[in-house]
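1. Pasting a predicted model and its sequence here:
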Amino acid sequence: MTPVSFGERAAECGVTTLVSEPHEIANVVGVSGIHEMINGAKDAPIDIYYGIQSSVPSTNRSLETTGGVIGFEEMKHLMDEDGVVCVGEFLWRRPYTAFPILRRGV
């Protein structure tokens with residue numbers, strides 16, 4: 001379902017605005033997938049805003065091989081995009097899997 005078709009159905013139900021957090025799209029195709037979602041929502045009959053994922057992959061590249069990668073630099077770039085209003089789901093486990101020394105106290 002595209003953002004426009006979702007927006008059409010949501011508008012029929014009285015929805016005027018939503019914030020989407022396309023984590024799974026980001027997991028698979030990264031920043032380009034988020035850009036596609038943002039661009040795909042431009043003609044939606046409702047306002048669609050986006051939250052940017054703080055951790056793609058949610059653990060680290062050796063544990064997850066989904067393809068998408070969003071780090072701090074990508075987040076900074078995405079936060080400048082029209083329609084991006086917040087940081088999405090924040091996963092605390094990433095630092096523990098990225099830095100083995102931190103796991104000693106866990």
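-> Done, it's in.
2. now the lengthiest strand in the chain, how far from the centre of its chain.
-> Counting by DSSP state E, the longest strand found in the chain is strand 47-52. Centroid separation between strand 47-52 and its chain, computed with CA atoms, centre = their mean, to the nearest Å, is 9 Å.
3. Stretch 23-38 too?
-> 7 Å.
4. before we move on, what about stretch 35-47?
-> Here stretch 35-47 is found 14 Å from its chain centre; the criterion is CA atoms, centre = their mean.
5. Repeat that for stretch 65-76.
-> With CA atoms, centre = their mean, you get 10 Å for stretch 65-76.
6. coming back round to it: buried residues in the longest strand of the chain?
-> Buried positions in strand 47-52, judged by neighbour count with 16 or more other CB atoms under 10 Å: 48-52. The C-beta positions use only the backbone N, C-alpha and C, and glycine is treated the same way.
7. just the strands in this structure please.
-> In chain order, the chain shows strands spanning 17-20, 47-52, 84-87, with DSSP E as the criterion.
8. Tell me which of those sits nearest to residue 40.
-> strand 47-52 (9.0 Å; CB to CB).
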